[in-house]
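Undergrad: Mind looking at a prediction? Sequence and model below.
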Amino acid sequence: MSTIRAWAATALNAPLTPYSYDPGPLGDEEVEIAVTHCGICHSDLSMLGNAWRNTTFPLVPGHEAVGTVAALGAHAKGLRIGQRVGLGWMAGSCMHCTQCLSGHHNLCNTPEETIVARHGGFAERVRCHWAWALALPDALDAKTAGPLFCGGLTVFAPLVEFDVKPTDRVGVVGIGGLGHMALMFLRAWGCEVTAFTSNMNKADEARGFGAHHVVASTDSQAIKRLARSLDVIMVTVNVALDWKALLGALAPRGRLHVVGALPEPIPVPSSALIGAQRSVSGSPTGSPAVAAAMLEFCARHRISPQVEMFPMSRVNDALDHLRAGKARYRIVLENDFR
Ligand SMILES: NC(=O)c1ccc[n+]([C@@H]2O[C@H](COP(=O)([O-])OP(=O)(O)OC[C@H]3O[C@@H](n4cnc5c(N)ncnc54)[C@H](OP(=O)(O)O)[C@@H]3O)[C@@H](O)[C@H]2O)c1
Ligand SMILES: [Zn+2]
Ligand SMILES: [Zn+2]
């Protein structure tokens, strides 16, 4: 069980082609997962385009993997062979820095990201540290669970971190992979939920995911009408919008929380913060403990991402579909290595 068959880009923006690699001996703290399904996150596209200047080629993307534990290192804890697990953006954390020791493993000072300088889940198998192979509850379907491990966790963690209340009014900007899961979580959390979308054709589906209100994210006048009304606005887009109007839509003590990887800085005048005591923040994915809480929450509230399935061998079509903004609302690849 040495060579791993995968799909890799061998150069910048090259289509993915079949690729095999030898992962070497399994580390003592490592787990090998036999991948059954893997979601496609927009961050996979960004890595393929070297948008963050940290891509190394060949690159095997994929960081929303679900599968079963195929091998356990000598010191891997809390897992058994055959167990269903998921793997997200983080594949390892040091386990001894202050952040890891206080339960904020996603803020580890020396993080290991699943597809940065290592190979990810568009493959028959993928490896990670045991702490990041997250147990999948029986109630969740492996076919649809993958997107929870990156996109889902990223929008769930801020609800815990910032103590979002069921009485809060919360906006979600961008109804894509992350955004549609945010709507589901917030509705079940008890909030009054406003979806901001640049594509009003998504309005009915956004309501189906849990939005009480749908507003055009590109309509400054419509956003201005919401002035001082939203306790939290979660930004999941990766494009510039009317930040002045969105900051103005925050209630006193409100928070603009950014999880989308914006290419340009957000202009934040002090006047937008001071008078109404507003905050601007961001966060990377979530910790294993918060992931476990999210999975339990999904099981309890019967939440599952809305996915489109592609066989893994059609990964290039799937990537084009996401690039074109046509994914509804998360693409999942099904392992068809034979
Ligand atoms: N912080 C983290 O840890 C973390 C984790 C995962 C992903 N991310 C980042 O989060 C972002 C979203 O990822 P995703 O996988 O959800 O992407 P996605 O599925 O492509 O969704 C992005 C959404 O942004 C909106 N959008 C796209 N182009 C737009 C435009 N020109 N004007 C206005 N809105 C536009 C669209 O929503 P509407 O059609 O509704 O407007 C689109 O569905 C990416 O930057 C990704 O890298 C961050
Ligand atoms: Zn991701
Ligand atoms: Zn650490």
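TA: Here it is on my side, so go on. Numbers count the residues shown, from 1 in each chain. Ligands and ions are numbered 1, 2, ... in the order given.
Undergrad: Just the element for the nearest residue in space to residue 35 that is not next to it in sequence, please.
TA: Excluding the flanking residues, the one nearest residue 35 by CB to CB, 6 or more residues apart in numbering is residue 67, at 4.3 Å. Quick note: C-beta positions are derived from backbone N, CA and C, even for glycine. Assigned by DSSP states H and E, residue 67 falls within strand 65-72.
Undergrad: now residue 181
TA: Element membership for residue 181 (DSSP H and E) is helix 177-189.
Undergrad: helices or strands up against that helix?
TA: In terms of contacts (3 or more CB pairs under 8 Å, 6 or more residues apart in numbering; DSSP states H and E), helix 177-189 is packed against helix 151-161, strand 169-173, strand 192-197, helix 203-209, helix 288-301, strand 330-334.
Undergrad: how close does the residue sitting furthest away from the middle of the chain get to ligand 3?
TA: What lies farthest from the middle of the chain is residue 275; by CA atoms, centre = their mean that is 33.0 Å. From residue 275 across to ligand 3, the span is 38 Å (CB to the ion, to the nearest Å).
Undergrad: What separation do you get for that residue and residue 231?
TA: With distances taken as CB to CB, to the nearest Å, residue 275 is found 16 Å from residue 231.
Undergrad: residues from the stretch 1-150 of the chain in reach of ligand 1?
TA: Contact residues (CB under 6 Å from any ligand atom) of the stretch 1-150 of the chain with ligand 1: 41, 42, 43, 46, 150.
Undergrad: so what's the residue of the stretch 101-250 of the chain found nearest ligand 3 up against?
TA: Per CB to the ion, residue 108 is where the stretch 101-250 of the chain lies closest to ligand 3, at 3.2 Å. For residue 108, the contact set (CB atoms under 8 Å, 6 or more residues apart in numbering) comprises 90, 93, 94, 97, 99, 100.
Undergrad: Next: residue 93.
TA: If you count contacts by CB under 8 Å, 6+ apart, residue 93 has them with 99, 100, 105, 106, 108, 110, 111, 112, 129, 131, 132.
Undergrad: Let's see if you can find the most crowded of the residues you listed.
TA: residue 105 (26 neighbours; other CB atoms under 10 Å).
Undergrad: Hmm, it is touching residue 96, no?
TA: No - using CB atoms under 8 Å, residue 105 is not in contact with residue 96, being 10.8 Å away.
Undergrad: Quick one: the helices in the stretch 201-338 of the chain, in order.
TA: Ranges of helices in the stretch 201-338 of the chain, per DSSP state H, counting those that start in this stretch, are 203-209, 220-224, 243-248, 270-274, 288-301, 315-323.
Undergrad: what angle sits between the fifth one and helix 177-189?
TA: When axes from the mean of the first three to the mean of the last three CA atoms, to 10 degrees is applied, the directions of helix 288-301 and helix 177-189 differ by 60 degrees.
Undergrad: mind starting the numbering at 27 from now?
TA: Sure, I'll start counting at 27 from here, so that last one is helix 314-327.
Undergrad: Helix 314-327 - contacts with which helices or strands?
TA: Counting by 3+ CB pairs under 8 Å, 6+ apart, the packing neighbours recorded for helix 314-327 are strand 160-161, helix 177-187, helix 203-215.
Undergrad: which helices and strands sit right next to the shortest one?
TA: Secondary structure elements in contact with strand 160-161, counted by 3+ CB pairs under 8 Å, 6+ apart, are strand 110-113, helix 314-327.
Undergrad: what about the first one, distance to the chain center?
TA: Taking CA atoms, centre = their mean, to the nearest Å, the mean C-alpha location of strand 110-113 is offset from the chain mean by 14 Å.
Undergrad: Those residues of this protein touching ligand 2, which are they?
TA: Contact residues (CB under 5 Å from the ion) of the chain with ligand 2: 67, 69, 176.
Undergrad: By neighbours, which of those residues wins?
TA: Going by other CB under 10 Å, residue 176 tops the residues of the chain next to ligand 2 with 30 neighbours.
Undergrad: Which residue is the nearest non-sequential neighbour of that one?
TA: residue 114 is the one closest to residue 176 (CB to CB, 6+ apart), at 4.3 Å.
Undergrad: repeat for residue 121
TA: In space, and not counting its chain neighbours, residue 121 is closest to residue 157: 6.7 Å by CB to CB, 6+ apart.
Undergrad: repeat for residue 138
TA: Residue 138 sits nearest to residue 118 (CB to CB, 6+ apart), 3.3 Å away.
Undergrad: Please report the number of neighbouring residues for that neighbour.
TA: 22.
Undergrad: Please list all residues in contact with residue 162.
TA: By CB under 8 Å, 6+ apart, residue 162 lies in contact with 92, 110, 111, 112, 168, 171, 321.
Undergrad: which SS class is residue 57?
TA: In three-state terms, and counting by DSSP: H, G, I helix; E, B strand; the rest coil, residue 57 is strand.
Undergrad: Is there a neighbour count for the closest residue to it other than its chain neighbours? I'd like the number.
TA: Nearest residue to residue 57 in three dimensions, chain neighbours excluded: residue 159, at 4.4 Å (CB to CB, 6+ apart). Using other CB under 10 Å, the number of residues around residue 159 comes to 27.
Undergrad: Centre-most residue in this structure?
TA: Mean-position check on the chain, CA atoms, centre = their mean. Result residue 177 at 1.8 Å.
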